[in-house]
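Participant: Coordinates for the following, if possible.
(4 chains)
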There are 2 protein chains.
Amino acid sequence: MISPTAEYALRAIVALAQRQGSPVVTPDLAKATRISAPYLSKILQTLGRAGLVVSQRGTGGGFRLARAPESMSVLEVVNTVDPVRRIHACPLGIESHGTRLCPLHRRLDDMAEQIELTFSETTIAELLSEDGPSKALCASKKKPVTLVTGRPGNPRKAK
Amino acid sequence: MISPTAEYALRAIVALAQRQGSPVVTPDLAKATRISAPYLSKILQTLGRAGLVVSQRGTGGGFRLARAPESMSVLEVVNTVDPVRRIHACPLGIESHGTRLCPLHRRLDDMAEQIELTFSETTIAELLSEDGPSKALCASKKKPVTLVTGRPGNPRKAK
DNA sequence: GGGGTTCCGGATACACTTATCCAGAACAGT
DNA sequence: ACTGTTCTGGATAAGTGTATCCGGAACCCC
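Facilitator: The predicted model follows:
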């Protein structure tokens, strides 16, 4: 439905949102999101160029959200790394009829529109931990994986 | 949203449904759907193994739908070539909590569920030509591409 | 049963996405 | 300015999905 890369980007954005503006260094973010550090780094670069995150080099640097989580939609994040594809014209070679789509492609595009709408209506803030039991990014309660919150002796369990 | 292959499979199934059980040979189906013949052939093989289409070799052979278009759902076709991926457990390494998903993955799975539901409720018959202007597979009215219906002097316009 | 037709399935090539690596530039603190 | 830190961006590798090719098997008709 969405590409792994888009899902990674959302994980990273959510993890950054949890930090409330404090810069997070790539390896830490990689541990929190369970994404490989080099690849995450590429995704963060893309998000940075799009203006969704801000990077800061040197000691005490890292990445932070460029805006408040309440004002950032899921759609913005997804579209930055892997845009939702709408069907505007008939995918068959036949260009003749304008915006009219056949039933098949009409329905597929309706779905894409629905997804786009849902993404645009959901803010990052809503993904944080709204309803108790399941915390953002699936962080467990029983196993305090520390989730990078503060890392006094990180178990270094990342397989 | 769905892979090219899944969309190809739907095109092929719809094109077969238009033929009302008459066997269609792969090159003809390729022209109708604008899918490359060798690749379409692979997809048809898969659909055949899944029992959605029936193949017949030799002269007068080809492919035809195994069942009535009214009794075949879009979901069956899609799942045959490229199953809808539901999120059953937290994609992060943390297995600790059962079926509880964090808000992010809960929402993504809700979408997948919605898509699955819509696909399961839509039959191939509904994709044929329900509402006049836009005929199945985006076949234009102005340009009678013949769409393989009967082909007296096929323009052979496939780029 | 011979010949033309059509699907079958393995092998292969190509493209795009995902993932990795590393030298270099920017930055903070001293 | 020097040093350690951290991001940057290009080059590259690995993996998956898409597309092609071809010999062989099944089938129909004569």
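Participant: in chain A, which ranges drop under the pLDDT threshold?
Facilitator: Residues of chain A meeting the criterion pLDDT under 70: A:93-99, A:130-159.
Participant: now the angle between helix B:103-121 and the top helix by length along it, please.
Facilitator: Longest helix in chain A by number of residues (criterion: DSSP state H): helix A:103-121. Calculated by axes from the mean of the first three to the mean of the last three Cα atoms, to 10 degrees, helix A:103-121 forms an angle of 160 degrees with helix B:103-121.
Participant: and helix A:103-121, is it in reach of chain B?
Facilitator: Yes - for helix A:103-121, a contact with chain B is found by Cβ under 8 Å from any Cβ of the partner chain, at A:103-108, A:111-112, A:114-115, A:118. No exception for glycine: its C-beta is placed from N, CA and C like everyone else's.
Participant: Would you pull up how far that helix lies from the middle of the chain?
Facilitator: In terms of Cα atoms, centre = their mean, to the nearest Å, the centre of helix A:103-121 is set 19 Å apart from its chain centre.
Participant: Now do the buried residues in that helix.
Facilitator: For helix A:103-121, a neighbour-count test (16 or more other Cβ atoms under 10 Å in any protein chain shown) marks A:103-109, A:111-112, A:115-116, A:119 as buried.
Participant: Over to stretch A:83-95?
Facilitator: Buried-residue list, stretch A:83-95, by 16+ other Cβ under 10 Å: A:84, A:87, A:90-92, A:94.
Participant: And stretch A:42-56, by the same measure?
Facilitator: Here stretch A:42-56 shows A:43-44, A:47, A:52-55 as buried, counting by 16+ other Cβ under 10 Å.
Participant: gap between the two ends of that stretch?
Facilitator: This stretch, stretch A:42-56, spans 15 Å end to end (Cα to Cα, to the nearest Å).
Participant: what's next to it, contact-wise?
Facilitator: The contact list for stretch A:42-56, computed with Cβ atoms under 8 Å, 6 or more residues apart in numbering or on different chains, reads A:5, A:8-9, A:12-13, A:16, A:23, A:26, A:29, A:35, A:61-67, A:72, A:76-77, A:80-81.
Participant: out of these, which are buried?
Facilitator: For the contacts of stretch A:42-56, a burial check counting by 16+ other Cβ under 10 Å picks out A:5, A:8-9, A:12-13, A:16, A:26, A:29, A:35, A:62-66, A:72, A:76-77, A:80-81.
Participant: Those in helices, which ones?
Facilitator: Among the buried ones among the contacts of stretch A:42-56, DSSP H puts A:5, A:8-9, A:12-13, A:16, A:26, A:29, A:76-77, A:80-81 in helices.
Participant: filter the residues you listed down to the ones near DNA strand C?
Facilitator: Checking these against DNA strand C by Cβ under 7 Å from any atom of the strand, the ones in range are A:5, A:8.
Participant: As JSON lines, the ones in helices among the buried ones among the contacts of stretch A:42-56 with distance to B:Tyr39 would be great.
Facilitator: What follows is these, written out as JSON lines (distance: Cβ to Cβ, whole Å):
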{"residue": "A:Thr5", "distance to B:Tyr39": "25"}
{"residue": "A:Tyr8", "distance to B:Tyr39": "30"}
{"residue": "A:Ala9", "distance to B:Tyr39": "31"}
{"residue": "A:Ala12", "distance to B:Tyr39": "36"}
{"residue": "A:Ile13", "distance to B:Tyr39": "37"}
{"residue": "A:Leu16", "distance to B:Tyr39": "41"}
{"residue": "A:Thr26", "distance to B:Tyr39": "40"}
{"residue": "A:Leu29", "distance to B:Tyr39": "40"}
{"residue": "A:Glu76", "distance to B:Tyr39": "35"}
{"residue": "A:Val77", "distance to B:Tyr39": "33"}
{"residue": "A:Thr80", "distance to B:Tyr39": "31"}
{"residue": "A:Val81", "distance to B:Tyr39": "28"}
